[in-house]
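J.: Show me the folded form of this:
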Amino acid sequence: MKIIDYVTPFLEKYEATSDYYEAYFQKYPEAFDFYFRFHCKNKGEKLCIALQQHSNKLDELNFVKDRILTHLSAITTIYENMFDITFTEAVHIFVGLGGSNAYTTHSMNPEVAFCVERIPSLDSGIRTLIAHEFGHAVHHIVTLQNGVEIGQIDWSSPYTWLIQEGMATYLSTQVVEAKMDIYFVFERDKAWLDYAQTNKAKIIAAFQHDLEQLSTQEIFIEWFSINGGERFGYTRLAYYIGYEVVRIVVDHIGTDDTILLWLQPNFKERITSLLKELAN
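T.: Below you'll find the predicted structure:
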């Protein structure tokens, strides 16, 4: 596993100019080509905001980077020992423009990226986010070890996204000790968790409705995106739904078989059935 720190060179001679940012992005295409393609739309608009905000948070950006570097090895080692795997791909740590806070690439043996400007500086939140993203990597790698190639997964399906986020969230609870709300939002937000728990049936019923009525892009924005959440006023509530689904399945068949659930021919039907149960 190669850990690449793009934050330090960004901060060393920082200038709050669009030319400085563009030169930075172009210097590291291995990090930013995928980022801007999938995880940071409306680049020009976000660059204007970054130019206003980043000058006042340079120390925070550096702190978040340092904490990621501090915790990466311990968390990934726990996963490697739990699942008898080895993380071999690159880890990118960079300053972006406020898109995703972190992600894994579209591969069965994925690279992992952390975008420090969007990560809260709470230490337990940083550890949990690392565990979440490498939980995705575990999900992919274990699936790959069972003979599955990337083209066999329906990556554009909300059912896939639900099991991915549920699995990563569940796995993060197994390797990092934190307050429960932090596993979902990576900072303290008890109101978010209280709302999700209190209104679980209503939220899941609304999600089921949207699965039938909305486009996949609309579902992603409303339920999975850090920029969504218009229906209930809370973003990424699908993370909570996915976690509840995975928790139930793990109780029934164990973690290893749950990781491979998305390979079953009746995968969508099983998720639909679980959602119906949880909505009642």
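
J.: Quick one: the strands in this structure, in order.
T.: Per DSSP state E, the chain carries strands over the ranges 3-5, 91-94, 102-104, 112-115.

J.: and of those, who's closest to Asn280?
T.: Asn280 sits nearest to strand 102-104 of all the strands of the chain, at 33.5 Å, using C-beta to C-beta. The way it works is simple: take the backbone N, C-alpha and C, and place the C-beta from them, glycine included.

J.: quick one: that closest one to chain centroid distance?
T.: Centre-to-centre, strand 102-104 and its host chain are 5 Å apart (C-alpha atoms, centre = their mean, to the nearest Å).

J.: can you pull the contacts of the residue lying closest to Ile219 once chain neighbours are set aside?
T.: Take Ile219 and drop its neighbours on the chain: the residue closest to it by C-beta to C-beta, 6 or more residues apart in numbering is Pro158, 4.8 Å away. Neighbouring residues of Pro158 by C-beta atoms under 8 Å, 6 or more residues apart in numbering: 211, 216, 219-220, 223-224, 238.

J.: Apply 7 Å and report the result again.
T.: Pro158 makes contact with 211, 216, 219, according to C-beta atoms under 7 Å, 6 or more residues apart in numbering.

J.: just Ile78 next, same as before
T.: So Ile78 contacts Val175 (C-beta under 7 Å, 6+ apart).

J.: Of all the residues in the longest helix seen in the chain, which ones are buried?
T.: In the chain, assigned by DSSP state H, the helix with the most residues is helix 58-83. For helix 58-83, burial by neighbour count (16 or more other C-beta atoms under 10 Å) applies to 61-62, 64-69, 71-72, 75-76, 79-80, 83.

J.: try stretch 108-117
T.: In stretch 108-117, counting by 16+ other C-beta under 10 Å, buried: 108-117.

J.: can you check stretch 2-13 too?
T.: Result for stretch 2-13 [16+ other C-beta under 10 Å]: buried residues 6-7, 10.

J.: Restricted to helices, list these.
T.: 7, 10.

J.: can you list the buried residues of stretch 2-13 in JSON lines and add distance to Ala279 and pLDDT?
T.: Listed next are these as JSON lines, based on distance: C-beta to C-beta, whole Å; pLDDT from 0 to 100:
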{"residue": "Tyr6", "distance to Ala279": "43", "pLDDT": "98"}
{"residue": "Val7", "distance to Ala279": "43", "pLDDT": "98"}
{"residue": "Phe10", "distance to Ala279": "45", "pLDDT": "98"}
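
J.: Tell me who's in contact with the closest residue to Tyr35 other than its chain neighbours.
T.: Among residues not flanking Tyr35 along the chain, Gly96 sits closest, at 6.0 Å (C-beta to C-beta, 6+ apart). Residues in contact with Gly96 (C-beta under 7 Å, 6+ apart) are 35, 40, 115, 117-118.

J.: go with 10 Å
T.: Contacts for Gly96 (C-beta atoms under 10 Å, 6 or more residues apart in numbering) come out as 6, 21, 25, 31-32, 35-36, 39-40, 43, 46, 50, 113-118.

J.: quick one: Lys200 from Gly228, how far?
T.: Using C-beta to C-beta, to the nearest Å, one gets 18 Å for the distance from Lys200 to Gly228.

J.: Could you check the pLDDT of Pro158?
T.: Looking at Pro158, its pLDDT reads 97.

J.: circling back to that earlier point, ok, now how distant is the residue nearest to Tyr35 from Thr258?
T.: Separation of Gly96 from Thr258 (C-beta to C-beta) stands at 32 Å.

J.: how deep is Thr171 tucked in, by neighbour count?
T.: No, residue 171 isn't Thr; it's Leu. 26 (other C-beta atoms under 10 Å).

J.: show me the contacts for it.
T.: 79, 82-83, 131-132, 134-139, 246, 250, 255, 258-259.

J.: Now the buried members of those.
T.: 79, 83, 131-132, 134-139, 246, 250, 255, 258-259.

J.: Low-confidence ranges, the chain, go.
T.: Along the chain, the model assigns pLDDT under 70 to no residue.

J.: ok, which stretches of it are helices?
T.: 7-12, 18-27, 29-34, 43-53, 58-83, 123-145, 158-175, 182-185, 190-198, 200-213, 216-219, 237-253, 255-259, 267-278.

J.: I'd like to know which of the ones you listed is closest to Gln152.
T.: Closest to Gln152 of the helices of the chain, according to C-beta to C-beta: helix 123-145, at 9.0 Å.
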